[in-house]
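In: From the sequence below, what's the structure:
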Amino acid sequence: MFVPRPDAPRDDAECWQHLAAAGFGTLVAAGGPDREVPVVVPTQYTVHDVPGSPPRVVLHLARPNPVWAAVAERPVAVLSVARDWAYVPGAWNAGSGTDPDLGVPTTYYAAVQVVADVEVVEEPGALLDLLRVQLAALDPQLADPQAHRNVLRGIRGAVLHPREVRGKFKVGGNRDAAHRAGVAQRLAGRDGPGDAAVLAHLHRREPARR
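Out: Residues are numbered from 1 along each chain as shown. From the prediction side, this is the model:
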């Protein structure tokens, strides 16, 4: 992922906050050298903070999922999350003094990728602990997964231990504050799908630019 300086995250914490808020992404495992194409899997996940250690990502998938074969060949994967985006029409993006009809359209968006070593979890006790972490974040009112122990035979868990986290917050960082304010006003007025989320990124990142 190409990340120009104006779109770079302030720090890794900004990336992890985005990942934790999203909770759903795409897991990509390239597998070994003989695999022609990577395995790409949409999945729910949970960011798990462990005191004294970097955050990690936990998830589970059905045993027949082809990602497990790819991970067995090479236990490295990328979790990609590109959740918040909004189209910015050319007229909105025209610079001061530029004919709006000649403005260049763009897309504002936030994306984060985690490159991680994959630890496969199969032992029933460890798998139950992993599910408890996920349910505590996603569905704390649900019964303890011990009550559904019979379904453990059909799933495997994964812990993603991050090597690197990459973020891109493309929300007009290469333009001046007045330009971004104008785009923000139009996004608020349009209120289309994704506009509110991108508007929140615009407002959140503005203090860091001053």
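In: tell me the pLDDT at A208?
Out: pLDDT for A208: 60.
In: ditto for L142
Out: For L142, pLDDT reads 82.
In: Quick check: V41 touching V67?
Out: Yes - here V41 reaches V67: they are 4.9 Å apart, a contact under CB atoms under 8 Å. For glycine as for every other residue, the C-beta is placed from the backbone atoms N, C-alpha and C.
In: Quick check on the two: which one has the bigger neighbour count.
Out: Counted by other CB atoms under 10 Å, V41 and V67 do not tie: V67 has more neighbours, with 22 against 18.
In: residues in contact with the helix or strand of the chain with the lowest mean pLDDT?
Out: Each helix and strand of the chain was given a mean pLDDT (mean pLDDT, DSSP states H and E); the minimum falls on helix 195-209 at a mean of 87. Around helix 195-209, the neighbours that count as contacts under CB atoms under 8 Å, 6 or more residues apart in numbering are 10, 83-86, 108-110, 169, 171-173, 177, 180, 183-184, 187-188.
In: Okay, now the unreliable bits of this structure?
Out: For the chain, the stretches with pLDDT under 70 are 208-210.
In: what residue is smack in the middle of it?
Out: The geometric centre of the chain, computed from its C-alpha atoms, lies nearest to V81 (CA atoms, centre = their mean), at 2.6 Å.
In: Confirm G52 sits in a strand?
Out: No - looking at G52 with DSSP: H, G, I helix; E, B strand; the rest coil, it is coil, so not inside a strand.
In: quick one: buried residues of stretch 63-77?
Out: N65, V67, W68, A70, V71, E73, V76, A77 (16 or more other CB atoms under 10 Å).
In: Export these as a markdown table, with columns for secondary structure and distance to G194.
Out: Formatted as a markdown table, these follow (DSSP: H, G, I helix; E, B strand; the rest coil; distance: CB to CB, whole Å):
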| residue | secondary structure | distance to G194 |
| --- | --- | --- |
| N65 | coil | 29 |
| V67 | helix | 28 |
| W68 | helix | 33 |
| A70 | helix | 31 |
| V71 | helix | 32 |
| E73 | helix | 36 |
| V76 | strand | 31 |
| A77 | strand | 26 |
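In: Thanks again, I'm all set now.
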